[in-house]
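Return a 3D structure for these sequence lines:
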Amino acid sequence: MSEPTFNYDELSDTLYVSFAPGEGATGIELNDHILLRINKPERRAIGLTFFEYSILAQRTEMGPRSFPLTGLAALSDELRELVLEILLQSPVKELLLLSAYTPSMVETIPITSLQPVPVAG
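The predicted structure is shown next:
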């Protein structure tokens, strides 16, 4: 697999990351700010889009910001499993760190934080 390409649109504060430029893909909304594009039959990532990238990448005094993957709840069990599998593999895992927030012993909420990439702008 070739190196990902990064395209930052400063006006809309959107970062486009492509792992397979020009390939068709299915878009999966992970939350309001992160869109994962996948090739379902081949079970691999095609790209990521980060809306309001500067906010996502902004660190706090305690470290990187984390965001719940609220979009996973709307997926079928099978598609959710596929998306989690893809999120935990290269090249996605180099950009998104997956973890979980556990508000109680019976509830686990998948969350992510972004590994910032240098963008021209």
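
Residue 40: neighbour count?
13 (other Cβ atoms under 10 Å). No exception for glycine: its C-beta is placed from N, CA and C like everyone else's.

and it, how far is that from residue 21?
As judged by Cβ to Cβ, to the nearest Å, residue 40 and residue 21 stand 18 Å apart.

With residue 97 instead?
24 Å.

The two: which has the busier surroundings?
Here residue 97 and residue 21 are set side by side on neighbour count (other Cβ under 10 Å), and the busier one is residue 97, at 14 against 11.

and the helix or strand harbouring that one, what other elements does it pack with?
Here residue 97 sits within strand 96-104, counting by DSSP states H and E. Under the contact criterion of 3 or more Cβ pairs under 8 Å, 6 or more residues apart in numbering; DSSP states H and E, strand 96-104 touches helix 77-87, strand 107-114.

now do 7 Å
Under the contact definition 3 or more Cβ pairs under 7 Å, 6 or more residues apart in numbering; DSSP states H and E, strand 96-104 sits against strand 107-114.

and the angle for the strand it packs on with strand 96-104?
150 degrees (axes from the mean of the first three to the mean of the last three Cα atoms, to 10 degrees).

so how far is residue 83 from residue 17?
16 Å.

Ignore what I typed, I meant residue 19.
Distance, residue 19 to residue 83, using Cβ to Cβ: 15 Å.

Then residue 18?
18 Å.

Between those two, which is the more surrounded one?
Counting neighbours by other Cβ under 10 Å for residue 18 and for residue 83 shows that residue 83 has the greater number, 22 against 19.

residues touching the more buried one, list them.
28, 36, 72, 75 (Cβ atoms under 7 Å, 6 or more residues apart in numbering).

Out of the residues you listed, which sit inside strands?
Those of the contacts of residue 83 mapping onto strands are 28, 36, per DSSP state E.

And the contacts of residue 83, which is closest to residue 4?
residue 36 (13.2 Å; Cβ to Cβ).

Many thanks, we can stop here.
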